[in-house]
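In: only geometry, no sequence info:
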């Protein structure tokens, strides 16, 4: 009887479409991510740091922003898609991760966003 339940469970898992297993990013995380990506694509430093914590604003200076823009604005300007991957618990914070795929390149970028009380405290592109 127990083995029949296990088999039924495995069959249900195997026939469940992968797309139904994927979750969407929480609203605040997705909103912040979209604003950050848009500010990089439009090269708008003030908009980039607007949703950041005080520490984020102090640490992310214009020169650092310009370096990020120089690296990714070319591929971003030719089109890209994003796929939300996961929410992680790291060092007491919630971290949200996306995959960025460029229309003009086979390369991908991993984006990680960390929020605290609705403010951006970290954003990395790898």
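Out: That came in fine, so what should we check first? Predicted model, so just to flag it, every value in this text is computed and none were measured.
In: leaving out sequence neighbours, find the closest residue to the residue nearest the centre of the chain.
Out: When C-alpha atoms, centre = their mean is applied to the chain, the residue found nearest the centroid is residue 98 (3.4 Å). Setting aside the residues directly before and after it, residue 98 is nearest to residue 111 in space (C-beta to C-beta, 6 or more residues apart in numbering), at 4.5 Å. Where C-beta positions appear, they are placed from N, C-alpha and C, glycine not excepted.
In: got a list of what the one you found touches?
Out: 33, 37, 82, 97-100, 123-126 (C-beta atoms under 8 Å, 6 or more residues apart in numbering).
In: returning to that earlier point: what about the residue nearest to the centre of the chain, which helix or strand?
Out: strand 93-102 (DSSP states H and E).
In: buried stuff in the helix or strand that that strand is followed by?
Out: The element immediately downstream of strand 93-102 (helix or strand, assigned by DSSP H and E) is strand 108-116. Of all the residues in strand 108-116, those buried under the rule 16 or more other C-beta atoms under 10 Å are 109, 111-115.
In: likewise for stretch 88-108?
Out: In stretch 88-108, counting by 16+ other C-beta under 10 Å, buried: 95-98, 100, 102.
In: nearest to residue 27 among those residues?
Out: residue 96 (11.2 Å; C-beta to C-beta).
In: tell me where the model's unsure across the chain.
Out: Scanning the chain for pLDDT under 70 picks out 1-23.
In: show me where it has helices.
Out: 2-15, 18-21, 27-41, 45-50, 54-59, 62-77 (DSSP state H).
In: report all helices and strands that the longest one contacts.
Out: When contacts are defined as 3 or more C-beta pairs under 8 Å, 6 or more residues apart in numbering; DSSP states H and E, helix 62-77 sits against helix 27-41, helix 45-50, strand 119-125.
In: please produce a markdown table containing the ones you listed, extended by distance to residue 76 and mean neighbour count.
Out: Formatted as a markdown table, the helices and strands packed on helix 62-77 follow (distance: least, C-beta to C-beta, whole Å; neighbours: other C-beta atoms under 10 Å):
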| stretch | distance to residue 76 | mean neighbour count |
| --- | --- | --- |
| helix 27-41 | 5 | 17 |
| helix 45-50 | 13 | 16 |
| strand 119-125 | 10 | 18 |
